[in-house]
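Asker: What follows is a protein structure lacking sequence information:
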Ligand SMILES: Nc1nc2c(c(=O)[nH]1)N(C=O)[C@@H](CNc1ccc(C(=O)N[C@@H](CCC(=O)O)C(=O)O)cc1)CN2
Ligand SMILES: Nc1nc2c(ncn2[C@@H]2O[C@H](COP(=O)(O)OP(=O)(O)OP(=O)(O)O)[C@@H](O)[C@H]2O)c(=O)[nH]1
Ligand SMILES: [Mg+2]
């Protein structure tokens, strides 16, 4: 493996706070020479690879810090270049001064994501794996983490590479048929092959796309709106699910004026809970804006928790909300069942859950129901499954499916095989954008620019 030659970059790779330890990282062909200029201790160029070495960082006679320096020699490193990691005390001033010193000694300030970009450009990982590095850093739940680690490990890459290889082989077979038409029915044979293969690829990509909905929820959270008319106990429910008092709860109708957003974890799935202002006709300007936002939250939500008061008869507002939410993924909650039941159960849709936030009755049933609705009772990520969770990948798989549809349409319309081949080739190219084999430079620049500094 020949690595491309780049200049030597430097950045602080740990958070810029008051950490116990901070890491200032160098990568590039001069990394070790530059580090040796400022490090007193062993001669780093003589050290074994993947060793940690004690010493001091000095600028002439002034000592900047007492450090440990990690040396990793190309090509067996994260970037496939020489990498030096100076483990400093984690103060902002210390890390900054050491970084500046390295820059004065010939290193260049790294751009966001540039270390990972080099790992990609030098062939250590493909684009989907580089994206997984970022997903992993951003993961907020166990499950989002599991998906990212699997992708970093190359699960998606393998699936895409195998499919692309399969497409190439199909295209090659078609070429052979065209070039050596030994049989009279070569046209028929070729069409049959293309049809069968297209169906196979479709099934595979369709199944992959089906994981996307779940993958997206696991990564971004399930946006959940709690709606209901004033005073039914929406904020109480939010607080209960959060196990803390985030929203103000009073017996005054119209207490919540604005939308409150909070995250809770249910079986490893993040719910982005949105508490809304009780929906009612109102003249109060602040409350009015809140109510409009509630309508918006309802429209945008993946899941709606509609709260009704069991202790009161159904009101026209309740009816309105029942209609409004009828097309959403909805769970109807009858709250305050600790009080005498006055609501007419017959007039409600099936599957209502009777709860009491006050007495903590049946709240766990809500969690079960969410599992039923979104994860068919299998909330956990399967260890070996490949999930699509990145919207760029999802869009590309959709495009690849469209290209396969075009192959089918072409075959149906009796188009010449070489024209059908064009759409098959396009499928191959689109899939290549996922792994970066066929990604334009601008895309690569844009993707890595979203990374954090020092990564
Ligand atoms: N200090 C430190 N910790 C870190 C990183 C880092 O760069 N530095 N990483 C950065 O993201 C992650 C670990 N990723 C890494 C991936 C590959 C190699 C590496 O040297 N790979 C060699 C194999 C070396 C060996 O087998 O001994 C290789 O792939 O050839 C190092 C770190 C998380 N923790
Ligand atoms: N008895 C009983 N009271 C409850 C229950 N849940 C909430 N409450 C009470 O109902 C009142 C209203 O609760 P909130 O949570 O503020 O209601 P809300 O739906 O957020 O009201 P708005 O913000 O005004 O729309 C408070 O006095 C709560 O203590 C319950 O399960 N049983
Ligand atoms: Mg409220």
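Answerer: Nice, thanks for sending it over. Treat the numbers as computed from the prediction; the structure is a model and nothing was measured. Ligands and ions are numbered 1, 2, ... in the order given.
Asker: wouldn't residue 64 be in contact with residue 97 here?
Answerer: Yes - using Cβ atoms under 8 Å, residue 64 is in contact with residue 97, at 5.4 Å. No exception for glycine: its C-beta is placed from N, CA and C like everyone else's.
Asker: care to break the protein down by domain?
Answerer: 9-124, 133-217+390-436, 233-375 (the TED database).
Asker: In the stretch 351-455 of the chain, what residue comes closest to ligand 2?
Answerer: As assessed by Cβ to the nearest ligand atom, ligand 2 sits closest to residue 358 within the stretch 351-455 of the chain, at 3.5 Å.
Asker: before we move on, what SS does that residue have?
Answerer: Secondary structure, DSSP: H, G, I helix; E, B strand; the rest coil: residue 358 is coil.
Asker: which residues touch it?
Answerer: For residue 358, the contacting residues are 233, 236, 336, 338, by Cβ atoms under 8 Å, 6 or more residues apart in numbering.
Asker: ok, which stretches of the stretch 151-300 of the chain are strands?
Answerer: 222-227, 260-266, 269-275 (DSSP state E, counting those that start in this stretch).
Asker: Over to the stretch 351-455 of the chain?
Answerer: Under DSSP E, counting those that start in this stretch, the stretch 351-455 of the chain gives strands at 353-354.
Asker: ok so, going back, and the two most separated of the contacts of residue 358?
Answerer: Using Cβ to Cβ, those span at most 12.1 Å, a distance reached by 236 and 338.
Asker: of the two, who's got more company?
Answerer: More neighbours surround residue 236 than the other of residue 236 and residue 338, with 20 against 13 (other Cβ atoms under 10 Å).
Asker: ok, that one - contacts?
Answerer: So residue 236 contacts 249, 335, 357, 358 (Cβ under 8 Å, 6+ apart).
Asker: 10 Å - rerun?
Answerer: By Cβ atoms under 10 Å, 6 or more residues apart in numbering, residue 236 lies in contact with 245, 247, 249, 275, 307, 335, 336, 356, 357, 358.
Asker: Can you give me the first-to-last residue distance of stretch 297-305?
Answerer: Using Cα to Cα, to the nearest Å, one end of stretch 297-305 lies 11 Å from the other.
Asker: where does residue 220 land on pLDDT?
Answerer: pLDDT, residue 220: 76.
Asker: Go ahead and confirm it touches residue 271.
Answerer: No - using Cβ atoms under 10 Å as the test, residue 220 is too far from residue 271 to be in contact (11.0 Å).
Asker: where do the contact lists of those two overlap?
Answerer: Common neighbours of residue 220 and residue 271 (criterion: Cβ under 10 Å, 6+ apart): residue 302.
Asker: Which of these two has more residues huddled nearby?
Answerer: residue 271 (22 against 15).
Asker: From ligand 3, how far off is that one?
Answerer: Using Cβ to the ion, to the nearest Å, residue 271 is found at 17 Å from ligand 3.
Asker: Lovely, talk soon.
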